[in-house]
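A.B. asks: A structural model of the following input is requested.
(one chain, ligands or ions: 2)
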Amino acid sequence: RRKPVTPPDIAGRKGGEPIVCLTAYTTPVARMVDDHCDVVLVGDSVGMVLHGLPSTLGVTLDMMIMHAQAVRRGVRHALVVVDMPFGSYEESPAQAFRNAARIMAETDCAAVKIEGGVAMAETIRFLVARGVPVMAHVGLTPQAVNAFGGYVVQGRGEDAGRVLADAQAVSDAGAFAVVLEKITAPLADRITCDVAIPTIGIGASPACDGQILVVDDVLGLFQDFRPRFVKRYAELGADADTAIAAYAADVRARRFPAAEHLFDAPSPTGEPA
Ligand code: KIV
Ligand code: NA
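C.D. replies: Ligands and ions are numbered 1, 2, ... in the order given. Modelled structure (predicted):
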């Protein structure tokens, strides 16, 4: 099989073939994603997508570790990156290292992702110097939703300079790639040209060095809301609804279970099954 993807492999793809990334939170989905993608992100979006939380703020380190272990078991080729949840890294570089080390030791994943630009540059430098590969995340950083006052497009007008400085800072600090979330397309193009590391877009630009989406959005499984930047490639949520309704109707009509699902029941012809 193809050899495992490493953080330096991803860093080396600046300006090259697009880096294909998706999230995963479970072993079976991770297996499918691994067959087609370069990076599998265990995103803290798991809180909203699988746990019904109103934002990513309630996600804990223990939740991330449990999902990362499940994903890791399903992946043989792709680079597995684990989101550090809100409150697990912002306090100090030492706190960030302690929790990143726990993630890497307990999950066997090779990299972490943290949100923040200029404010997190010192922490990124600290982690990278101690053997923790870091993917950065700037623009709309969902853990700061309360500070932004909503999931608002970032980098419009005067604000572009701030997002550009954030991307430059994480690149200078040694991040191996940076996610650009929900920023204007011209700004994403500019950042992709200006910074040395690959940019991974989500609501950014096709010119980014790679793209990422939430797998449940791609599959049409997460239906609470649908950001403009999501493209649905399947409607598994609607399919699941149809399947569950059919099962319920079968049970109510005693159509299920049928003969082929039974043990030692007399067959309709009187012969044993
Ligand atoms: O948590 C997540 O899923 C993410 C990506 C969508 C970038 O951070
Ligand atoms: Na995230």
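A.B. asks: OK, contacts around residue 156?
C.D. replies: Residues near residue 156 by CB atoms under 8 Å, 6 or more residues apart in numbering: residue 184. For the C-beta atoms, the positions are set from N, CA and C on the backbone; glycine is no exception.
A.B. asks: list phi and psi for it.
C.D. replies: Main-chain torsions, residue 156, degrees, to the nearest 10: phi -80, psi 140.
A.B. asks: quick check: residues of the stretch 101-250 of the chain near ligand 1?
C.D. replies: 179, 181, 202, 212, 214 (CB under 6 Å from any ligand atom).
A.B. asks: switch to 5 Å and redo it
C.D. replies: In this structure, the stretch 101-250 of the chain approaches ligand 1 at residues 179, 214, judged by CB under 5 Å from any ligand atom.
A.B. asks: quick one: the residue nearest to residue 56 when sequence neighbours are not counted from residue 166, how far?
C.D. replies: Distances taken as CB to CB, 6 or more residues apart in numbering place residue 44 nearest to residue 56, at 4.4 Å, with adjacent residues excluded. Using CB to CB, to the nearest Å, we find residue 44 at a distance of 19 Å from residue 166.
A.B. asks: now residue 158
C.D. replies: Counting by CB to CB - residue 158 and residue 166 are separated by 14 Å.
A.B. asks: contacting residues around whichever residue of the stretch 51-200 of the chain sits closest to ligand 2?
C.D. replies: Closest approach between the stretch 51-200 of the chain and ligand 2, counting by CB to the ion: residue 83, at 4.4 Å. The contact partners of residue 83, by CB under 8 Å, 6+ apart, come to 41-45, 59, 64, 112-114.
A.B. asks: cutoff 7 Å now
C.D. replies: Residues near residue 83 by CB atoms under 7 Å, 6 or more residues apart in numbering: 41-44, 64, 113.
A.B. asks: same deal with residue 232?
C.D. replies: Residue 232 touches 217-218, 220, counting by CB under 7 Å, 6+ apart.
A.B. asks: doesn't it fall inside a helix?
C.D. replies: No. Assessed with DSSP: H, G, I helix; E, B strand; the rest coil, residue 232 is coil; it does not lie in a helix.
A.B. asks: checking the residue nearest to residue 56 next. Helix, strand or coil?
C.D. replies: Here residue 44 is recorded as coil under three-state DSSP.
A.B. asks: so it makes contact with residue 61?
C.D. replies: No. Contact between residue 44 and residue 61 fails when scored by CB atoms under 7 Å: they sit 10.2 Å apart.
A.B. asks: how about the residue nearest to residue 56, phi and psi?
C.D. replies: When read as degrees, to the nearest 10, the backbone of residue 44 gives phi -70, psi 0.
A.B. asks: compare residue 44 and residue 166 (neighbour count), which wins?
C.D. replies: More crowded of residue 44 and residue 166, by other CB atoms under 10 Å: residue 44, with 29 against 26.
A.B. asks: list the contacts for the more buried one?
C.D. replies: Contacts for residue 44 (CB under 7 Å, 6+ apart) come out as 56, 59, 64, 83, 85.
A.B. asks: so who does the third one touch?
C.D. replies: Meaning residue 64. Neighbour list for residue 64: 42, 44, 82-83, 85, 103 [criterion: CB under 7 Å, 6+ apart].
A.B. asks: ok so it is a strand residue?
C.D. replies: No. Using three-state DSSP, the secondary structure at residue 64 is helix, not a strand.
A.B. asks: measure it to residue 224 for me?
C.D. replies: According to CB to CB, residue 64 stands 21 Å off from residue 224.
A.B. asks: spell out which parts of the stretch 51-200 of the chain neighbour ligand 2.
C.D. replies: When proximity is defined as CB under 5 Å from the ion, the stretch 51-200 of the chain approaches ligand 2 at residue 83.
A.B. asks: all good on my end, thank you.
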